[in-house]
Every structure is written in C-alpha cells, then in structure tokens.
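**Q** need a 3D model of the sequence below.
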Amino acid sequence: MSTGIIILIIIAVIVAWGVIAYNGLVTLRNRVKNAFSQIDVQLQRRYDLIPNLVETAKGYMKHEREALEAVIKARNSAQGAAKRASSDPADGKAIRGLAGAEAMLGGALGNFFALAEAYPDLKANQNMLQIQEELGGTENRIAFARQAFNDAVMTYNTKRESFPTVIVANNLGFKEADLWELEELEARKAVKVSF
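**A** Model prediction:
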C-alpha cells in the first residue's frame, strides 16, 4: 500500500512539474509576442510617416522620382514583412525577412535624406522638419523596442533550452525564437533623419 502511495506522489510531482514548466513557457512565449507587438506599433508609426515625407518632398524633388519611388517601395516591402512577422514573432524566417526589409528601407531613407540635402527650400519646410523630428523619435523607440524584444527572446530561449524544461518544450512544440539581428554592417547604423 505504501509503495502505491509513493508512486502516486511521484506521478503527481512529475505532472505538477510538467504543468508548471508548460505554463512558464507559455508566459515567456507571450512576452516575446508582446515585445514584438511593441516593435510593430513603432514600425507602423514609421510606415505611416513615410508617405507624408514623400508627399512633402515631391514638390521640391521633382527630378528625384526614383529615390522617392524607392522609399515607397521599400516601405511597402517592410510593411508586408512586418505583417508576416507579427503573425508569429517566434518564426525566425519571418523575423529575418523583416530585418532584411527594414535594412532596405533604412538604406532607401538614407539615400533620400542624402539627396534632400541639395534642396534648401525642402530643408527649411516646416512640415518636413516636423516629419523629420517625428521620424527621429520613432527610430529611437524602434531601437528600444528591438532591444526589449531581444531580451524577451533570450529569456524564452534560455528557459526553453534549460533542463528539464527542454523536455516539455521539445514535446509540446515550443520552438526556438530568433533574435532580431542586423546582418549587414551598414544596416546597423541609425537612419539619419536630419539635414
């Protein structure tokens, strides 16, 4: 009789541990999703500002149509990649795709601002100055949100890979989440949004 009780206690402890491990992984996975949603909010803010930036510049930069179109094309590509990544922030392929699209957008914006230097009237335009200020603040918030996302991913991955939680993680489909990393050295530079 006492052997049966001991076996039941052992089974109860294992089940309780499994439930606790599972709930801990769910909590951390949700933190990763929440951290990504903070990035998503700031990216959307930037995506919303870019058409205003281009519209403001159109009147001044009539001969720079390709640069303006490149910014809009890169914005649309990045916005699509952000939508795919937001459906599953733990999907490494989607995060890498978003990081690549964001690098392209950063390059297009950098090129745009470099070309805009040649237009003194555009540099003095009050609307342009306000958009630049908002973009600069948004870039800072994006950088902060990326750091928070990477911290959440690191915590989740550490817990997911730790023994004995790894047993629950592997058997219940908790896949590794990828950090948001910029592969190209040029992409690591902040976009300069001032003249």
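**Q** for the chain, where's the lowest mean pLDDT among helices and strands?
**A** helix 120-124 (a mean of 81; mean pLDDT, DSSP states H and E).
**Q** against which helices or strands is the helix or strand following it packed?
**A** Next helix or strand after helix 120-124 toward the C-terminus (DSSP states H and E): helix 126-161. When contacts are defined as 3 or more C-beta pairs under 8 Å, 6 or more residues apart in numbering; DSSP states H and E, helix 126-161 sits against helix 2-58, helix 165-171. To be clear about C-beta, it is placed using only N, CA and C from the backbone, and glycine gets the same treatment.
**Q** which residues of the chain score low on pLDDT?
**A** Screening the chain residue by residue with the criterion pLDDT under 70, one finds the ranges 1, 182-195.
**Q** in contact with residue 159, which residues are there?
**A** By C-beta atoms under 8 Å, 6 or more residues apart in numbering, the contact list for residue 159 reads 24, 25, 28, 165.
**Q** what comes up buried for the least confident helix or strand of the chain?
**A** Going by neighbour count (16 or more other C-beta atoms under 10 Å), the buried part of helix 120-124 is residue 122.
**Q** and that helix, what does it pack against?
**A** For helix 120-124, the contact count by 3+ C-beta pairs under 8 Å, 6+ apart identifies no helix or strand as a packing neighbour.
**Q** just to revisit the earlier point, can I get the contacts of residue 159 in a markdown table including neighbour count and distance to residue 84?
**A** Output for these, formatted as a markdown table (neighbours: other C-beta atoms under 10 Å; distance: C-beta to C-beta, whole Å):
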| residue | neighbour count | distance to residue 84 |
| --- | --- | --- |
| 24 | 16 | 28 |
| 25 | 18 | 24 |
| 28 | 21 | 22 |
| 165 | 21 | 29 |
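**Q** lovely, talk soon.
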